[in-house]
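> sequence first, then the predicted structure, then my questions.
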There are 2 protein chains.
Amino acid sequence: MAIGLAHAELIAVLSAVTGDEPRVMTVRSGDALPSGPFELGHRSLQAGLREWVRDQTGHPLGYLEQLYTFADRDRTHEDAEGRTISISYLGLVREQAAPGAGKPGWHGWYEYFPWEDHRRGGPDILADITGRLEGWIASEPARREHRQRRVDFAFGLDGAVWNEDLGLQRYELMYEAGLVTEAGCPPAKSFGRSMFADHRRILATGIARLRAKIKYRPVVFELMPESFTLSQLQRTVEALAGLTLHKPNFRRLIDQQELIEETGEATSETGGRPAKLFRYRHAVLEERALSGSKLPLSRN
Amino acid sequence: MAIGLAHAELIAVLSAVTGDEPRVMTVRSGDALPSGPFELGHRSLQAGLREWVRDQTGHPLGYLEQLYTFADRDRTHEDAEGRTISISYLGLVREQAAPGAGKPGWHGWYEYFPWEDHRRGGPDILADITGRLEGWIASEPARREHRQRRVDFAFGLDGAVWNEDLGLQRYELMYEAGLVTEAGCPPAKSFGRSMFADHRRILATGIARLRAKIKYRPVVFELMPESFTLSQLQRTVEALAGLTLHKPNFRRLIDQQELIEETGEATSETGGRPAKLFRYRHAVLEERALSGSKLPLSRN
DNA sequence: CCGGATATACTCACTTCGAGTATAAAAGGA
DNA sequence: TCCTTTTATACTCGAAGTGAGTATATCCGG
């Protein structure tokens, strides 16, 4: 069986949460995701990326999973024979281990996707977007109905509810409708900060994946410091989902799953009544991480 | 940014269900999964694979999704510079469109994973496997506890319940314990039919992904003929999951989701009372395919 | 016309889950 | 000191979902 030659690169969506702001590691002042060649000599892709991140950033990398492999024709490396295959990964970095977070190199998710943050209600920018999308829908009568259904579903219009998992579909619709500069839209009429090539699409893929995952796997804890309060944990989940949650239900679900345990200490840095500190029960839960563990993503 | 050179190949896990037997398309008399070079000139990986499958098999390919990209050191192409990157896909083929199903080229899933079929109760082979695993657990005192937890969880022992989604973890445990020929185990002491290189592991990845997916996305319908009875649908799901389901609950969940509609006809080929025929509501559901749609995988 | 087989329909108890309400313990200013 | 604000923690209730069992309908073949 013959084998085609290609160039291989790794692209990483590395996220951390500082306070209540989800961030992504970037290069070129926030214009691109970190990427690099897939070097020979690595044991595996996963190991290669781990090593590379450690060298480049000094941050130990907790959770790491493959996102998607792209090889579209428009990704062909300029002057080279063969084409480029981009293998993208999603990685989670602990806040405390990310001293660079906040400084250049880390940028908030919602700079790139301002319409995705619904923690203070649906953002005003949404009305502008859906308005422009209506124009796009009307512009081609033959596909009108189909487009209308897609938009209503993705943006929670006409009876549908906003679903935080559909971030990628929303970005792709906006791309199709020419509302982002990556699709050739003039900056003045586009939405959100754009990125190099298809990096923003890859970021959207990572965000969508993470938002879906926190609902059934205890990956949030990869973003938390060693000990934390329940409110901190909730704010982290809220930051990722771009939604606010019902506090009593959040707490109920967390402790009925026995994912965490009290450290015995408390902190009064939170303003009001001191909060108990908790830690994640690593050892006991290695396996369970593979199955259960839901988070209550009910709208508030 | 420099780009590493590599060989790229595509590997496909193409599945169909005939009657109540889930099958996978194979080459080399069932010893390998179909694979081929990633040719230049394809619009994308997805398009390349679609084209390639159509040419090779004559089967139109319905659902297609990327599974995983492998590039471990032991997958290096023999005499070549660079290494091989294998991009694997999961594809679903309709029974009626797979005239070759049953003939050479298609093999039942459970030839390769006999311990995964629990439709007639836990298979006898399971006792042999867990017995051998106990030996492996005991063989290294330092990791005993950890191994015990992994095995109990994956195989549903010691209070845990059998989880059909964990097929990949089960295979990997068996590989680690040296119970499969791919890991160097002599054929007489190994379990299930083996495959070339890591193809059986890729098949396990595909099966696990599909078993997980049918629970929240309506992908089963990609495997059904145009019109079908509810029992047929249930038997297909059962074949994939390797479990039997509670009939009344299955029907309730199906029709409360409004995924299907009656064709108006009925068939009396089933032996007893004639069964109504249904069809999947394609058009209405393009978008919903992205979110909801659960299947009742409750044990019976 | 009756039993076997399959299809279809209904019921009930238990759990889950969204949503609201109540109490506890700190800080800080009047 | 006390009262308000703020945050943490605890409890309750009703609606919906889910597992499991039972009952009825309609064919076939003897």
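The structure has been received and is ready for your questions. Note that the structure is a prediction, hence the values are computed from the model and not measured. Numbering: from 1, shown residues only, chains lettered A, B, ... in the order given.
> so where do the helices sit in the stretch 51-200 of chain A?
A:109-112, A:125-138, A:144-155, A:167-176, A:199-213 (DSSP state H, counting those that start in this stretch).
> for chain B, which of the ones you listed is the nearest?
Smallest distance to chain B across the helices of the stretch 51-200 of chain A (C-beta to the nearest C-beta): 4.1 Å, for helix A:144-155. Using the backbone N, CA and C atoms, a C-beta is placed for each residue, glycine as well.
> and the closest one, which residues are buried?
A:Arg147, A:Gln148, A:Arg149, A:Arg150, A:Val151, A:Asp152, A:Phe153, A:Ala154, A:Phe155 (16 or more other C-beta atoms under 10 Å in any protein chain shown).
> what do you get for stretch A:258-278?
Buried, per 16+ other C-beta under 10 Å, within stretch A:258-278: A:Leu259, A:Ile260, A:Ala275, A:Leu277, A:Phe278.
> now pLDDT, secondary structure and distance to chain B too, for those, in TSV please.
Converted to TSV, the buried residues of stretch A:258-278 look like this (pLDDT from 0 to 100; DSSP: H, G, I helix; E, B strand; the rest coil; distance: C-beta to the nearest C-beta, whole Å):
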residue	pLDDT	secondary structure	distance to chain B
A:Leu259	89	coil	16
A:Ile260	92	strand	19
A:Ala275	92	strand	32
A:Leu277	95	strand	27
A:Phe278	96	strand	22
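> and the most centrally placed residue in chain A, what's its pLDDT?
Centrality entry for chain A: nearest residue to the mean C-alpha point is A:Ile207, 2.0 Å, by C-alpha atoms, centre = their mean. pLDDT, A:Ile207: 98.
> just to check, it is in contact with A:Trp109?
Yes: between A:Ile207 and A:Trp109 there is a contact under C-beta atoms under 8 Å: 6.1 Å.
> please report how far whichever residue of the stretch 1-150 of chain A sits closest to DNA strand D lies from B:Arg209.
As assessed by C-beta to the nearest atom of the strand, DNA strand D sits closest to A:Asp20 within the stretch 1-150 of chain A, at 12.2 Å. As for A:Asp20, its distance to B:Arg209 is 34 Å (criterion: C-beta to C-beta, to the nearest Å).
> about what we covered before: lowest-confidence stretch among the helices of the stretch 51-200 of chain A?
helix A:144-155 (a mean of 92).
> please parse chain A into its domains.
A:6-110, A:116-191, A:214-290 (automatic domain parsing).
> next one: the longest one to chain centre, how far?
Mean C-alpha position of domain A:6-110 versus that of the full chain (C-alpha atoms, centre = their mean, to the nearest Å) differs by 12 Å.
> count the residues that sit near A:Glu172.
Each residue near A:Glu172 was counted by other C-beta atoms under 10 Å in any protein chain shown, and the total is 17.
> where does A:Leu49 land on pLDDT?
pLDDT, A:Leu49: 82.
> can you list contacts of the strand or helix carrying it?
Using DSSP states H and E, the element containing A:Leu49 is helix A:45-57. Outside helix A:45-57, the residues within contact range by C-beta atoms under 8 Å, 6 or more residues apart in numbering or on different chains are A:10, A:12, A:14, A:25, A:34, A:36, A:38-39, A:42, A:59-61, A:64, A:66, A:87, A:89, A:91, A:100, B:69-71.
> now do the buried residues in that helix.
So for helix A:45-57, counting by 16+ other C-beta under 10 Å, buried means A:Leu45, A:Gln46, A:Gly48, A:Leu49, A:Arg50, A:Trp52, A:Val53, A:Thr57.
> over to stretch A:222-235?
Across stretch A:222-235, burial judged by 16+ other C-beta under 10 Å covers A:Glu222, A:Leu223, A:Met224, A:Ser227, A:Phe228, A:Thr229, A:Leu230, A:Gln232, A:Leu233, A:Gln234, A:Arg235.
> find me the pLDDT at the fourth one, would you?
What the model reports for A:Ser227 is a pLDDT of 94.
> my read is that it contacts A:Arg279, right?
Yes: look at A:Ser227 against A:Arg279 with C-beta under 8 Å: they come within range, at 5.1 Å.
> before we move on, the earlier item: want to try JSON lines for the buried residues of helix A:144-155, with distance to DNA strand C as columns?
What follows is the buried residues of helix A:144-155, written out as JSON lines (distance: C-beta to the nearest atom of the strand, whole Å):
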{"residue": "A:Arg147", "distance to DNA strand C": "30"}
{"residue": "A:Gln148", "distance to DNA strand C": "26"}
{"residue": "A:Arg149", "distance to DNA strand C": "25"}
{"residue": "A:Arg150", "distance to DNA strand C": "25"}
{"residue": "A:Val151", "distance to DNA strand C": "24"}
{"residue": "A:Asp152", "distance to DNA strand C": "21"}
{"residue": "A:Phe153", "distance to DNA strand C": "20"}
{"residue": "A:Ala154", "distance to DNA strand C": "21"}
{"residue": "A:Phe155", "distance to DNA strand C": "20"}
